[in-house]
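Student: Sequence isn't available, so here's the structure alone:
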C-alpha cells in the first residue's frame, strides 16, 4: 500500500495536480478556476481530478473533485480512511461489496451524498459524464480487492 501512496505523490506533484493549501488561512475557488489534470494511474484511465484544498499525498484533510467520463468504472476497492462523496453533476452509481455489480448499485444524482467508512469494500461507476467531490484524510490510497484490477500494474 505504501507504494501506491508514493506513486500517487510523485504523479500528483509531477503533473502539478497538488494545490496544497495552508489549512490556517481560508481560500475560495470559482468553478472556472479548477485546474483539471489526469488522475494518477491508481485509478482507471480517463478520469480527471482537481484538488480544491489540502494535499491528498500528505497526512491531513483534503477535498478534490473527480470528473468521470460516461461509462467509467472503478472496480471494488477500499481506502484506509473514511471517504465522503458528494455528486456535483451527472449520475454516480456505487455499491458495497468485493465485486462491481451494476445490478446492486445505488444511483445518486446531483446533490447526492454517500459516507463510506474506512476499509469498506465498495465500487463505483458513472452513467453520463459525472463530477464528484471527495472529502477525506490523506494520504489518499486505494487498495483494490482483486489486485488484478489495479490499473497501475498494467501501465
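Tutor: Structure's in. What do you need? Owing to the predicted nature of the structure, the values given are computational and were not obtained by experimental measurement.
Student: Can you show me the strands along this protein?
Tutor: Assigned by DSSP state E, the chain shows strands spanning 37-38, 48-54, 60-68, 73-78, 83-89, 92-96, 106-108, 113-116, 122-126, 130-138, 143-144.
Student: Pick the most deeply packed of those.
Tutor: Among the strands of the chain, strand 122-126 has the highest mean neighbour count (mean count of other CB atoms under 10 Å), at a mean of 23. Using the backbone N, CA and C atoms, a C-beta is placed for each residue, glycine as well.
Student: residues in contact with that strand?
Tutor: The contact list for strand 122-126 (CB atoms under 8 Å, 6 or more residues apart in numbering) reads 68-78, 90-97, 99-102, 105, 116.
Student: switch the cut-off to 7 Å
Tutor: Residues external to strand 122-126 that are found in contact with it (CB atoms under 7 Å, 6 or more residues apart in numbering): 68, 70, 72-76, 90-96, 100, 102, 116.
Student: Could you say which one of the strands of the chain comes nearest to residue 27?
Tutor: Ranking the strands of the chain by proximity to residue 27 (CB to CB) places strand 48-54 first, at 7.1 Å.
Student: Sheet partners, orientation included, of the closest one?
Tutor: Looking at strand 48-54 with DSSP bridges, its partner strands are strand 37-38 (antiparallel), strand 60-68 (antiparallel).
Student: Low-confidence stretches in the protein?
Tutor: 1-25, 155 (pLDDT under 70).
Student: got the strands paired with strand 48-54 as a markdown table, with distance to residue 46 columns?
Tutor: Formatted as a markdown table, the strands paired with strand 48-54 follow (distance: least, CB to CB, whole Å):
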| stretch | distance to residue 46 |
| --- | --- |
| strand 37-38 | 9 |
| strand 60-68 | 8 |
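Student: out of the ones you listed, nearest to residue 51?
Tutor: strand 60-68 (4.8 Å).
Student: tell me the angle of that closest one relative to strand 73-78?
Tutor: Strand 60-68 runs at 150 degrees relative to strand 73-78, counting by axes from the mean of the first three to the mean of the last three CA atoms, to 10 degrees.
Student: just to revisit the earlier point, between the strands paired with strand 48-54, which one is closest to residue 31.
Tutor: When the strands paired with strand 48-54 are compared by CB to CB, strand 60-68 sits nearest residue 31, at 9.6 Å.
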